[in-house]
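J.: How does the following fold in three dimensions:
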Amino acid sequence: MSQRRFNELRGEDVVYAVQRQARTFLPSADYCPLCPTRPGHPPTEIPFPSFEIVVFDNLFPTFEAPQGAAEVVVYTDDHYGSFATLAPERAEALMWVWRQRYEELAARADIEYVLIFENRGVEVGTTLHHPHGQIYGFPFEPPVIALERAADARLGGCATCTLLERELASAERVVHENDAVVAYVPFAARWPYETHVVLREHRASLSECTADELERLSSALQHVTRGFDRLFGRPFPYIMVLHQAPSDGGRAGHLHVEFYPPLRTADKLKYLAGCEQGAGTFIMDVLPEASANALRGAIANGS
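T.: Numbering: from 1, shown residues only. Model (predicted):
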């Protein structure tokens, strides 16, 4: 069971999940626990010879009942695939899986916030190459969500709606858009190619999205991730996080997806060093407008 402590100086919770030290670390494809279990091969966590999308409890959980949850979502049985290379109908199906898991976990009394995310690439700390994401049911409100609520109060309404309006008015940092979704590099991006993918209409969570909006969201996410891979001609590492309403349903929220890619060039990483870690102030080497122009071109080249 994880242990939670409060860091008084920073005013935030820290979770100690020491059991995760023993989790599987970058196994070869022959011993991947997220691949199907096939005749003549070692058994995996998924006892089927093939599958489409699978969700199961994380064997090395950060949170677990009765104090939260931790799940793994495997996107495909293709070990060498990625979110970007999923067939469009599979990517759309994943949106419905995310929605179902959000609704079920958010209904639990021990969960205050449902965080859906993907870590892609060793550069961001992934321990399994097989394309997958994770879902955490937090037994408390994470600090970033509290900051978003503070932004709502500061801007006198939904901060995400306000920022989207600003980005559309400028259009300088918009990298992709469709009828329901806009993707842009934010004005004050903290990562060289940070990208936000936002629903045009105010939707508090996946639960409020129409079927068409879920399809358009999956399409936009694939355009962005394919653009990332084309940008430097290599598999592009990133952290992808869904931001939506807390599970109590009583607080505002606006569904959007944030990407935090650590690459600043094809072979250089953006590290969080002294100023970022010690002072909490990000220092950037490239302007968001330049990043947006490069990423917009990479996305357009695949359309």
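J.: Give me the residues contacting stretch 174-183.
T.: Identification of contacts with stretch 174-183 by C-beta atoms under 8 Å, 6 or more residues apart in numbering yields 164, 167-168, 184-185, 195-201, 212-213, 216-217, 219-220, 223-224, 227, 292, 295-296, 299. In short, each C-beta sits where N, CA and C put it, glycine included.
J.: end-to-end on it?
T.: 6 Å (C-alpha to C-alpha, to the nearest Å).
J.: model confidence over that stretch, on average?
T.: For stretch 174-183, mean pLDDT rounds to 98.
J.: related to what we said a few turns ago, ok, of the contacts of stretch 174-183, which come out buried?
T.: 164, 167, 184-185, 195-200, 213, 216-217, 219-220, 223-224, 227, 292, 295-296, 299 (16 or more other C-beta atoms under 10 Å).
J.: what packs against the top helix by length along the chain?
T.: When the chain is scanned for its longest helix (criterion: DSSP state H), the result is helix 211-231. Counting contacts by 3 or more C-beta pairs under 8 Å, 6 or more residues apart in numbering; DSSP states H and E, helix 211-231 is packed against helix 88-106, strand 174-177, strand 181-184, strand 195-199, strand 238-243, strand 256-260, helix 288-300.
J.: now for the last one, which elements pack on it?
T.: Packed against helix 288-300, as judged by 3+ C-beta pairs under 8 Å, 6+ apart, are the following elements: strand 174-177, helix 211-231.
J.: mind checking how far it is from the chain centre?
T.: Put simply, helix 288-300 sits 20 Å off its chain's centre (C-alpha atoms, centre = their mean, to the nearest Å).
J.: Contacts for that helix next, please.
T.: 172-176, 184-189, 192-195, 223-224, 226-228, 230-231.
J.: Could you identify the buried members of the residues you listed?
T.: Of the contacts of helix 288-300, these count as buried by 16+ other C-beta under 10 Å: 173-176, 184-186, 189, 192-195, 223-224, 226-228, 230-231.
J.: Can you pull the phi and psi angles for the residue of the chain most remote from its centre?
T.: Of all residues in the chain, Gly40 has its C-alpha farthest from the mean position, at 34.8 Å, by C-alpha atoms, centre = their mean. Here is the backbone geometry of Gly40 (degrees, to the nearest 10): phi 80, psi 0.
J.: just the one 10 residues further on next, same as before
T.: When quoted as degrees, to the nearest 10, the phi and psi of Ser50 stand at phi -160, psi 160.
J.: count of neighbours near Ala22?
T.: 9 (other C-beta atoms under 10 Å).
J.: re the thing from before, pLDDT on the longest helix of the chain, on average?
T.: pLDDT averaged over helix 211-231 gives 98.
J.: How about stretch 39-47?
T.: Here the average pLDDT along stretch 39-47 is 92.
J.: Run through who's touching that stretch.
T.: Stretch 39-47 has contacts (C-beta under 8 Å, 6+ apart) with 30-37, 49, 54, 56, 59, 72, 74, 77.
J.: Tally up the residues packed near Pro43, please.
T.: 9.
J.: returning to what we had before: quick one: buried ones out of the contacts of stretch 39-47?
T.: Among the contacts of stretch 39-47, those buried by neighbour count (16+ other C-beta under 10 Å) are Cys32, Pro33, Leu34, Cys35, Pro36, Thr37, Val54, Val72, Val74, Asp77.
J.: Would you enumerate the residues in contact with the fifth one?
T.: Which is Pro36. Going by C-beta under 8 Å, 6+ apart, Pro36 touches Thr44, Ile46, Phe48, Pro49, Ser50, Phe51, Asp77.
J.: Around the nearest residue to Met240 once chain neighbours are set aside, how many other residues sit close by?
T.: Spatial nearest neighbour of Met240, excluding adjacent residues (C-beta to C-beta, 6 or more residues apart in numbering): Glu118 at 4.4 Å. Glu118: 22 surrounding residues under other C-beta under 10 Å.
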